[in-house]
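# only geometry, no sequence info:
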């Protein structure tokens, strides 16, 4: 159909959709940057979705039972900003639209969670939104099973482009959703045949419909500019017992001179071409002006959800006060009151038993105590359940047959797992943790970065955290991964040394509200280093004095995780020679950096020689070694300067010089 | 078919295949670690492949026209080690097999490129091998088109497991191979239905054959234990005009008590169960003993390739001496003699013109000069060609219709691109470089790590290297990515400041033989900072004095890339106040660290206050700021401590305090 026909057939729809198109053109032109073509191409689909299907209430954007809308093709951010403005979200003012991509505006270049109500997740890095959506849909299924459909019962809609579908993470998401039969997940594929470099066909000949069908999706098609056809497809999608992909045939930059070309992907700012496009739309209003009849019509569509919201609220309020409080607690991301005593119990038992234990096994012990009292946790692993020690007896397995199950077999999909966990955390009501080998944080990196950027309290259970994993060799041995995780803003990395520290680490992770936690856990057994119980969470301080020097303090050894044992042995040897040596356990640099300066100075006073021991690269250590303010002390490092090797772990530690003997030698060279 | 029937039908094949199975059992038992089940399951497929199809010469493992065999399911390393031993590779002795996974042995836990002839790529991180293979096959197509089928004409075979196919990168590889119609690529899927966590079906219901077919692959099936059926499928695969996936139905850990279970994936070391399996095979020889008739039969199969190799050598030697030298040069990875003068030419022109230029545009200028004289380069981008400035006029585009084309439209597949580039570099004869945004190194991380681990001179052209990209916002703005790349062993990161430094950076990258290079390039225009021509490559020194202090040197400002301009402005302000200030340009920390101590001290003498300026996180800087040996100086940092924001770049630099004014203030606070 040409534009004339589209206009003539559905004139009201057309004008409402063109409000999106023209706001997009105007905002991108004002910013002189951005992406015009996608909102112009998907305006009809989005209009039908928001008007007829999406269950939302602009007056209560965080209403827990709303449908979720995810713009996986995040570069088309003006699509969602326009929709939020048009349907009446209070914070999305016309001024915000006019300030698109400017400092301080909530209308960032790509949609950012937390900046603006109605943006459910941060997108832009392609493929993330569709993979988040799988987590949203799993959270919904789990909560519906546990709370009943009166309380939780909604859909997750995604708009995804060719970029999203080319990214590998989309395959992980598609396959996981297909296996899990997530029938409340509906993906609208913007099938416009165009990417930045040209036609999709220069890089891809994939039959996307066949690809989704191969993973057991329901697959539909529609004309992405025909509102009736779009509506028909959405109705059919909602009736399916499987996740649905709707291939929406669209024209990028519809009606513009750049229509159906890769130029249409970017910023369309030529004044004459903009004017011509608006004329073709039959839109003769000044920039940023949406006539009141169109705005009013849009707001009426937006107001549609208030009734459903009110009815839901009444149903929620019919629950017992205790249940309502519990529902509020889990959606607020508050840990249960019992958590602190459970952690304390684990710690007390630990100092009595003093088990020699890998910290991954310690982690399982903690989870076994926590999961029964913190029933919002949803655990999982990327096909390393037995190695990551992430499954406890009470969880059950999340499957199409048991939606109450709280353990997810993610398959060999670290990236998809991380993205799904982001989606779960964003959905709310559940608290996801998931495991893989520390080295394979590499695969999950893009989503781990987004956990940090969005401030989501996802817990990454990263076991086999050094050459201590032994024979699997350098492909599986992290050496730079602690540095990588620590380099990322708003990420807390914790590498506990024994069961007590592991319990404290989990307490930090499970009470975090706006920070992801990376737990780095050993494969190998470690001795208990915390020998007396204290109620205080010492890991939460980031670093603390584990053993004090006897006599004059000449040396401070700083170590993390599995290397604390080595520090203690080195201390014993040094003390035996009369060299006063303090051992500082530093499970988390970020938590230590957050302490006040007085505490930091108490733990790491200027003067004594400092040597750090960690089976990873030195990068990140110099701040603590050389002194935060410079000129403090002489320092050394015992760790890795290369990739590892394949051999039993004892041999590797010896060959790479990560031993008490070598630590003593390094200390002596500095004294 | 049961084992009895298999034995009876093809007794000679059976015993040769069981030599793989029993060597695997014995080696894993001796190491008490490893993965027995996969080699035991795929022994029949591998036997037929090596005996009848794979064109290789154990006496000349690096013969350029050999077929490539890639064990993407790298945990099954004993499969390839067994095959190399059996077919007569000299360095794969029985002692090496007996020392599987031990310190110093070439038989690492996962197969490592460079350790052992016959291992074409390092695998273990799943999905990498199949994605490397796409690069191997593209290199072969390109070289065949340019050198003729008499010189280059071979296949690439891959064994991949369910883990490889679940990883997202496999989708990027499959789609790229399908689009490129890489008919010399044959993937043997070990369809055993088992992963570590249990049956594949607990995490996946994907119809893999339909999935490959959706990306235009030729898809076949065979009984993975029936040598005739395997042979039939391989013959058919070689006849196809498209890449072929053969679904090989197998039993993991065939013949062992753990057959068809997830236990069978790991180390099968129970003595009684091993004995029972060997008895079932009809194998009654001591551990590690392969009877001489079986070994001789295997070696005869191995010797098969010598004739093809000799014939190929004769054809190569029929070429002109110049052509032979050129062939040898490109396979040795030597830069052409002309490269140095071309780079010098760019540098001379640059200091004359002093262009204000983004370093990504500078990079394009360099490539435009280099590509015509270094015709082994193969460029590309993950759908950001115009932004990465990676395409020069002479390259042509690599397509099924033009195999001589040297530019690859990789699609939105950063991970697949990086893995394919690894494959090309491993194949030899071509020199790959490829671009994306610096922030999306995250997506490519697993393959970038393998570039470093394998020592491959791949060039990563990473543009938009800071908040300087502006309005696209924090999802696209790297802040931790320089630190991440620098944290990785054997990786050279170069962040040039202008056209001269960019030319020098490319010279470093294109003459590297065992190191990948990450070029971090600006989106925004930068002034020329190198004003006089010197023949010497100053970037190769890592850091150098760009401007000296006049009068007493009180301050050293260290900066990289786009922030060198800010350092120069800050210097001018400080000098105007009589504060002697040196500016050090430090395009590469790794290259600087490799200089001798005397040079490092000359550039960064103790005493003056040091302040570094880089629009990234501080991690990695303290070594150069606080002093390599500690106690050297007072220091400050002007950079990022958080994620960025969405706004025009000038505003972002101001808001985040990365300005000459703030640098001056930081300096003064330290003086």
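Received the coordinates, thanks. As the structure is a computational prediction, the values presented were derived from the model and not from experiment. Numbering: from 1, shown residues only, chains lettered A, B, ... in the order given.
# Which residue is the nearest non-sequential neighbour of whatever residue of chain A ends up closest to chain B?
Going by Cβ to the nearest Cβ, chain B is nearest to residue A:168 of chain A, at 2.6 Å. For every residue, glycine as well, the C-beta is placed using N, CA and C. Distance criterion Cβ to Cβ, 6 or more residues apart in numbering or on different chains; nearest residue to residue A:168, sequence neighbours excluded, is residue B:168 at 2.6 Å.
# Contacts only, for the residue of chain A closest to chain B.
Each residue near residue A:168 by Cβ atoms under 8 Å, 6 or more residues apart in numbering or on different chains is listed here: A:127, A:415, B:127, B:167, B:168, B:169, B:170, B:171, B:172, B:413, B:415, B:416.
# hey, where'd the helices end up in the stretch 1-150 of chain A?
Taking DSSP state H, counting those that start in this stretch, the helices of the stretch 1-150 of chain A run over residues A:3-9, A:11-31, A:37-48, A:77-87, A:94-98, A:128-147.
# May I see the ones you listed organised as a markdown table, with distance to residue B:221, mean neighbour count and mean pLDDT added?
Shown next, in a markdown table, are the helices of the stretch 1-150 of chain A (distance: least, Cβ to Cβ, whole Å; neighbours: other Cβ atoms under 10 Å in any protein chain shown; pLDDT from 0 to 100):
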| stretch | distance to residue B:221 | mean neighbour count | mean pLDDT |
| --- | --- | --- | --- |
| helix A:3-9 | 47 | 15 | 93 |
| helix A:11-31 | 48 | 24 | 98 |
| helix A:37-48 | 39 | 29 | 98 |
| helix A:77-87 | 44 | 28 | 98 |
| helix A:94-98 | 55 | 17 | 98 |
| helix A:128-147 | 30 | 27 | 98 |
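# CSV for those, including distance to chain B?
Shown next, in CSV, are those (distance: least, Cβ to the nearest Cβ, whole Å):
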stretch, distance to chain B
helix A:3-9, 28
helix A:11-31, 6
helix A:37-48, 14
helix A:77-87, 9
helix A:94-98, 12
helix A:128-147, 9
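# on that earlier part again, which among the contacts of residue A:168 count as buried?
Burial by neighbour count, judged by 16 or more other Cβ atoms under 10 Å in any protein chain shown, picks out A:127, A:415, B:127, B:167, B:168, B:169, B:170, B:171, B:172, B:413, B:415, B:416 from the contacts of residue A:168.
# Tell me the helices and strands packed up against the helix or strand that contains the second one.
Applying DSSP states H and E as the criterion places residue A:415 in helix A:414-427. Helix A:414-427 makes packing contacts with helix A:128-147, helix A:168-179, strand A:377-381, strand A:431-437, helix A:441-454 when contacts are defined by 3 or more Cβ pairs under 8 Å, 6 or more residues apart in numbering or on different chains; DSSP states H and E.
# quick revisit: which of the contacts of residue A:168 sits closest to residue A:45?
Set against residue A:45, the nearest of the contacts of residue A:168 by Cβ to Cβ is residue A:127 (19.5 Å).
# My read is that that closest one contacts residue A:164, right?
Yes: using Cβ atoms under 8 Å, residue A:127 is in contact with residue A:164, at 4.9 Å.
# Mutual contacts of those two, please.
Shared contacts of residue A:127 and residue A:164, defined by Cβ under 8 Å, 6+ apart, are found at A:72, A:170.
# Compute the distance between residue A:415 and residue A:219, please.
23 Å (Cβ to Cβ, to the nearest Å).
# For the closest residue to residue A:36 other than its chain neighbours, give me its contacts.
The shortest distance from residue A:36 to any non-neighbouring residue, by Cβ to Cβ, 6+ apart, is to residue A:268 (4.0 Å). When contacts are counted by Cβ under 8 Å, 6+ apart, residue A:268 touches A:25, A:28, A:29, A:36, A:37, A:253, A:256, A:258, A:274, A:277.
# Apart from its chain neighbours, what residue comes closest to the second one?
Closest residue in space to residue A:28, ignoring its immediate chain neighbours: residue A:34 at 4.0 Å, by Cβ to Cβ, 6+ apart.
# thinking the one you found is in contact with residue B:471, fair?
Yes: under the criterion of Cβ under 8 Å, residue A:34 makes contact with residue B:471 at 7.0 Å.
# who's more crowded, the two?
Each of residue A:34 and residue B:471 has its neighbours counted (other Cβ atoms under 10 Å in any protein chain shown); residue A:34 has more, 27 against 24.
# which residues touch residue A:614?
A:482, A:495, A:559, A:560, A:561, A:563, A:621, A:637, A:638, A:639.
# Give me the residues contacting the least confident helix or strand in chain A by mean pLDDT.
Across the helices and strands of chain A, mean confidence by mean pLDDT, DSSP states H and E is lowest for helix A:622-625: a mean of 91. Defining contact as Cβ under 8 Å, 6+ apart, one finds that helix A:622-625 is touched by A:558, A:586, A:589, A:592, A:604, A:610-612, A:633, A:635-637, B:618, B:622-623, B:626, B:630.
# again, 7 Å this time
For helix A:622-625, contacts defined as Cβ atoms under 7 Å, 6 or more residues apart in numbering or on different chains pick out A:558, A:604, A:610, A:612, A:635, A:637, B:622, B:623, B:626.
# Show me what counts as buried in the very next helix or strand once past that helix.
Moving toward the C-terminus from helix A:622-625, the first helix or strand encountered (DSSP H and E) is strand A:635-638. For strand A:635-638, burial by neighbour count (16+ other Cβ under 10 Å) applies to A:635, A:636, A:637, A:638.
# Among the residues you listed, which ones lie close to chain B?
With Cβ under 7 Å from any Cβ of the partner chain as the criterion, these include residue A:635 near chain B.
# just checking, next helix/strand downstream of the helix or strand harbouring residue A:546?
Assigned by DSSP H and E, residue A:546 belongs to strand A:544-547. As assigned by DSSP H and E, the chain's next helix or strand after strand A:544-547 is strand A:553-559.
# and that next one, which strands flank it?
strand A:580-585 (parallel), strand A:609-613 (parallel) (DSSP bridges).
# Name the surrounding residues that touch it.
With contact meaning Cβ under 7 Å, 6+ apart, strand A:553-559 is reached by A:566-567, A:570-571, A:574, A:579-586, A:604, A:608-614, A:624, A:663, A:667, A:671.
# Could you identify the helix or strand that succeeds it?
Following strand A:553-559 toward the C-terminus (DSSP H and E): helix A:564-576.
# Return the backbone torsion pair for residue A:371.
Note on residue A:371: its backbone torsions stand at phi -60, psi -40 [degrees, to the nearest 10].
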